[in-house]
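Enquirer: coords please:
(one chain, ligands or ions: 2)
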Amino acid sequence: MTTDRDSLFRIPGPSKADLDSFHDDGYIAFPNVFTDHARECLIREIEGLGQVREYVDQLKDLAEDPKAYFIRPWNERGPYGDRLIDDPFITALLTATIGPDFHFCHSALNVAPRGIGPLRYHQDHHHWKHENPVNLAERDKYYVQILYYLNGFTLGDRNLKVIPGSHLIAPTEDASPNRQAADAFPLRLLAGEFDAQAGRPLREKRLELPPGSMVYINARIYHGVEPKPIDSPQPYRIFNIDIFKEAGPPHRHTQEIPADWISNAGPARRKLFMREAYTEGCWTH
Ligand SMILES: O=C(O)CCC(=O)C(=O)O
Ligand SMILES: [Fe+2]
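Expert: Ligands and ions are numbered 1, 2, ... in the order given. Next comes the predicted model:
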């Protein structure tokens, strides 16, 4: 537990129940975990970005054919977004769940407007979707996604949904890149076909989270997102994500770290950034 620096969060680290949830269910939900000040400053920082302002300004014109704003990697981070990367709470959580040997992989920012469609059930562990020796060797390593919901979401309004325990299912060909099989697989999971393998019933859990929340997931868990109704009381849902991986070769989106992030980093932060980025062909030569 670190107290050497101000945190953006209300709690210093995970509880025993949080850790059990990570290992047994594949995710931890942290409702309203940001301090009010941090939540407000982060929202202001993101809404102040030039591209986001432009996007929000033209939302009314796009109402017929809504499109989300999406950027990956999200490098244009202000002071609060920057602090998020190695906030003491985040570092404590990563260390408690996956051990001390992890790297920053990449980030993204997403703004989802009224009328946007769903995101199907999927997993995000890219080494499962490729068969190179390096991918096979990396499959069992942790890949964690930290999903930040600064303005929250309600049930049926761009809510995240998960299948608790589905991170325990071994990779099969059915869970592979073939789109048709990949779409059918979650239905088979939910129909009970893999309950015995998981040692528990695999059922959908639809989440509802207030502003200032975060969800910490093992990227092997099946998760998806529901559409945002055209008459949602919330004009857009802000979602940013930081992804960390156990030390090892690059994942599919392991990003280049901007030079100034490295030159401005102290030793602990620099360690997070000292890894190879993904490049075309890096798994095959
Ligand atoms: O939009 C969300 O709430 C989650 C998106 C997602 O599944 C992802 O970024 O991997
Ligand atoms: Fe995802």
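Enquirer: ok, Gln180 to ligand 1 distance?
Expert: For Gln180, the distance to ligand 1 equals 20 Å [CB to the nearest ligand atom, to the nearest Å]. For the C-beta atoms, the positions are set from N, CA and C on the backbone; glycine is no exception.
Enquirer: Confirm that residue sits in a helix?
Expert: Yes - counting by DSSP: H, G, I helix; E, B strand; the rest coil, Gln180 falls inside a helix.
Enquirer: what about it, distance to Val111?
Expert: With distances taken as CB to CB, to the nearest Å, Gln180 is found 30 Å from Val111.
Enquirer: check contacts around the nearest residue to Phe30 once chain neighbours are set aside.
Expert: Nearest residue to Phe30, sequence neighbours excluded (CB to CB, 6 or more residues apart in numbering): Met214, at 4.8 Å. Met214 makes contact with 30, 33-34, 146-149, according to CB atoms under 8 Å, 6 or more residues apart in numbering.
Enquirer: same thing but 6 Å
Expert: When contacts are counted by CB atoms under 6 Å, 6 or more residues apart in numbering, Met214 touches 30, 33, 148.
Enquirer: Tell me how far it lies from ligand 1.
Expert: Going from Met214 to ligand 1 by CB to the nearest ligand atom gives 11 Å.
Enquirer: Can you spell out which residues form a bridge with that residue?
Expert: Judged by DSSP bridges, the bridge partners of Met214 are Phe30, Tyr148.
Enquirer: From Gly26, how far off is it?
Expert: With distances taken as CB to CB, Met214 is found 15 Å from Gly26.
Enquirer: next one: Cys282
Expert: Distance from Cys282 to Gly26, by CB to CB: 28 Å.
Enquirer: Compare the two and say which is more crowded by neighbours.
Expert: Shown here are Cys282 and Gly26; by other CB atoms under 10 Å, Gly26 has more neighbours (24 against 15).
Enquirer: That one is in contact with His167, isn't it?
Expert: Yes - the pair Gly26 / His167 is scored as a contact, 3.4 Å apart, by CB atoms under 6 Å.
Enquirer: tell me, what's touching those two both at once?
Expert: By CB under 6 Å, 6+ apart, the residues touching both Gly26 and His167 are 218, 221.
Enquirer: Any idea how many residues pack against Ser232?
Expert: Ser232: 20 neighbours (other CB under 10 Å).
Enquirer: Contact partners for it?
Expert: Residues near Ser232 by CB under 6 Å, 6+ apart: 114, 157.
Enquirer: Buried residues, stretch 240-254. List them.
Expert: If you call a residue buried by 16 or more other CB atoms under 10 Å, then stretch 240-254 has these buried ones: 240-246, 248-254.
Enquirer: Contacts for that stretch, please.
Expert: Here stretch 240-254 has contacts from 94, 101-103, 105-109, 126, 134, 138, 141-148, 276-278, 282, using CB under 6 Å, 6+ apart.
Enquirer: in the stretch 101-250 of the chain, which spans are strands?
Expert: 102-113, 119-122, 143-149, 160-162, 205-206, 213-218, 223-225, 236-246 (DSSP state E, counting those that start in this stretch).
Enquirer: Adjacent strands (with direction) for the fifth one?
Expert: Read it as strand 205-206. By DSSP bridges, strand 205-206 pairs with strand 160-162 (antiparallel).
Enquirer: if we can go back for a sec, can I get the strands of the stretch 101-250 of the chain in JSON lines with mean pLDDT?
Expert: Shown next, in JSON lines, are the strands of the stretch 101-250 of the chain (pLDDT from 0 to 100):
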{"stretch": "strand 102-113", "mean pLDDT": "98"}
{"stretch": "strand 119-122", "mean pLDDT": "93"}
{"stretch": "strand 143-149", "mean pLDDT": "98"}
{"stretch": "strand 160-162", "mean pLDDT": "98"}
{"stretch": "strand 205-206", "mean pLDDT": "98"}
{"stretch": "strand 213-218", "mean pLDDT": "98"}
{"stretch": "strand 223-225", "mean pLDDT": "97"}
{"stretch": "strand 236-246", "mean pLDDT": "97"}
